[in-house]
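*Asks:* Below are the sequence and a predicted model for it; my questions follow.
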Amino acid sequence: MSAAHGGPVSAGPGVELLAVRGMPELRPGDDLAAEIMRCAPWLADGDILVVTSKVVSKVEGRLISTSGDPAEREVARQQAIADETVRVIARRGPLRIVETRHGLVMAAAGVDASNLAGGELALLPLDPDASARRLRDTLAERAGLRVAVIISDSMGRPWRHGITDVAIGVAGLSAVRDQRGERDRHGNLLEVTEVAVADELAAAADLVKGKLSDIPVAVVRGLAHSDYPDDGRGSASLIRRASDDLFGMGTAEALALGRAQAGAGAGAEAGDATGDGQPRPDVSALHADVLATLAAMPLDPADGTGQAAIREGFYGLLAARPDATRLACVPGHITASTLLLDSDASRVLLTLHPRVGAWVQLGGHIEDTDESLLAAAAREAAEESGIAGLVLDPLPVNLDVHSITCALGLPTRHYDVQFVGRAPAGAEPVISSESDDLRWFGVGDLPSDVSPELPGFIDRAVRRVAGEPRTGGGSR
């Protein structure tokens, strides 16, 4: 039977591609695992389930509703792209190739309007690896099935026409098979061969899914999981680190860096570092400290907040911009903030930020004279709280990227490295000129107008100070 009719397609010796037919139009809160089991009662141990990211985004509520008016929808789409972007790689007309908070480089940050009704827009799943793990675990619990799961999305490729599906979330097998050090049948040593197995499976499965067939799920059968044992890294091994990327800098970034270096050179000839007649401290040590701090940050693979993927966005900025710690870095810059708890960790000190218009943690820009990222966070916390004797955990608790027009005066992004600190017993805050208000709140009794990310940050911070075990950060 042909692929168009849902039958198996031979993709190699003993390998079949099976379409999962009959899936309904899913909506937020629907049970994806139940629908897959209903439509594919033939699902078996050893199968590899490939699920289009769009259907995962739907059930997880990663949708934006608009009126359906084309002009309004486009405004919403452009804003969604900006919100999901940590770095613009290239731009031509309305097209933007960007790096997402997941570390993916793709058009329009994966924001998509296809296969959606009523003017809706779909964002990529918040953490595709976590989505894949949840679906795999649910199928194991309910049906006793041992399957692997791949969340797929469409991408274009540099210097190639056409799109293909790739893996953005992986659970149950290794996404990459590293064959370096092996020998071919002629005895030649393989030195650079790393096979993107999960991408190949995603692309193969799309032969029976397609973009217009209303088939969001397919199964690859016959590939032995034992040949690709799960390394626990999910899709992370598919993402090339910015430091290893020969094309890691977009055209606009390369031009901006060239101009900055040319200006620095001209200024150096005149006896200063910037060309403006004022000496500027060397912040290379501060830049290195930020990298080291990020690498040492404890990450919990089961956290579900996508922190590992967000960290890749930080690495991309730092690799592309030597001035990433400076306010003047227009594409975005590193900031440092502190969630300040009282001595028994029952209250949190929040500031009503005049520019943000919401209650947030204490924090701000790094200064060239700060000795480290931690020192910058401690300085900002002391200045904005008016409390002496603060004690900060030296390793960050959380990372966040958000769009803002800050003191720079231009639209930019803050790559915020977020710490947790403790105030001495009985400490009373003193409001500064940088705040509209400053108050203690119970960690379970927050005001309604807090930033959306804050409750999760507070939960992780309280668990950190309670001494819950840390998981390894992993260096780069």
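*Replies:* Thanks, I have the structure now. Numbers count the residues shown, from 1 in each chain.
*Asks:* surely residue 202 meets residue 166?
*Replies:* Yes: assessed by C-beta atoms under 8 Å, residue 202 is found in contact with residue 166 at 5.4 Å. Using the backbone N, CA and C atoms, a C-beta is placed for each residue, glycine as well.
*Asks:* Pull up the overlap in contacts between those two.
*Replies:* residue 152 (C-beta atoms under 8 Å, 6 or more residues apart in numbering).
*Asks:* Which one of those two is surrounded by more residues?
*Replies:* residue 202 (32 against 23; other C-beta atoms under 10 Å).
*Asks:* ok, that one - contacts?
*Replies:* Contacts of residue 202 by C-beta under 8 Å, 6+ apart are 50, 150, 152, 165, 166, 167.
*Asks:* and after whatever helix or strand it lives in, which helix or strand comes next?
*Replies:* In this structure, residue 202 sits in helix 197-209 according to DSSP states H and E. The helix or strand immediately downstream of helix 197-209 is strand 217-221, counting by DSSP H and E.
*Asks:* Quick check: which helices or strands does that next one pack against?
*Replies:* With contacts defined as 3 or more C-beta pairs under 8 Å, 6 or more residues apart in numbering; DSSP states H and E, strand 217-221 has these neighbours: strand 16-19, strand 48-52, helix 197-209.
*Asks:* Backbone dihedrals for the residue lying closest to residue 145 once chain neighbours are set aside, both of them.
*Replies:* Distances taken as C-beta to C-beta, 6 or more residues apart in numbering place residue 139 nearest to residue 145, at 4.7 Å, with adjacent residues excluded. Backbone torsions for residue 139, taken as degrees, to the nearest 10, come to phi -60, psi -30.
*Asks:* Residue 36 is in contact with residue 139, correct?
*Replies:* Yes: with contacts counted by C-beta under 8 Å, residue 139 reaches residue 36, the gap being 7.4 Å.
*Asks:* Give the intersection of the neighbour lists for these two.
*Replies:* Common neighbours of residue 139 and residue 36 (C-beta under 8 Å, 6+ apart) are 43, 49.
*Asks:* Give me the more crowded residue out of these two.
*Replies:* Legend: neighbour count by other C-beta under 10 Å for residue 139 and residue 36, higher for residue 36 (26 against 22).
*Asks:* That one sits in which helix or strand?
*Replies:* helix 32-39.
*Asks:* Run the angle between that helix and strand 48-52 for me.
*Replies:* 120 degrees (axes from the mean of the first three to the mean of the last three C-alpha atoms, to 10 degrees).
*Asks:* Distance from helix 32-39 to the middle of the chain?
*Replies:* Put simply, helix 32-39 sits 28 Å off its chain's centre (C-alpha atoms, centre = their mean, to the nearest Å).
*Asks:* And that helix, what's buried?
*Replies:* Within helix 32-39, the residues scored as buried using 16 or more other C-beta atoms under 10 Å are 32, 33, 35, 36, 37, 39.
*Asks:* In CSV, could you pull the C-alpha coordinates for it?
*Replies:* In CSV, the C-alpha atoms belonging to helix 32-39 read as follows (Å, rounded to 0.1, in the frame of the first residue of the first chain):
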residue,chain,number,x,y,z
LEU,A,32,-2.6,13.4,23.2
ALA,A,33,-1.5,10.0,24.5
ALA,A,34,-5.1,8.8,24.7
GLU,A,35,-5.8,9.8,21.1
ILE,A,36,-2.6,8.1,19.8
MET,A,37,-3.5,4.9,21.6
ARG,A,38,-7.1,5.1,20.2
CYS,A,39,-5.9,5.7,16.6
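*Asks:* Would you confirm that residue 206 contacts residue 166?
*Replies:* No: the pair residue 206 / residue 166 is not scored as a contact, 9.7 Å apart, by C-beta under 8 Å.
*Asks:* Touching both of these two, which residues are there?
*Replies:* By C-beta under 8 Å, 6+ apart, the residues touching both residue 206 and residue 166 are 152, 154.
*Asks:* sorry, back to before: for the helices and strands packed on strand 217-221, give me TSV that also has distance to residue 143 and mean pLDDT.
*Replies:* Putting the helices and strands packed on strand 217-221 into TSV (distance: least, C-beta to C-beta, whole Å; pLDDT from 0 to 100) gives the following:
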stretch	distance to residue 143	mean pLDDT
strand 16-19	17	95
strand 48-52	12	97
helix 197-209	20	94
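*Asks:* Right, I'll call it a day here.
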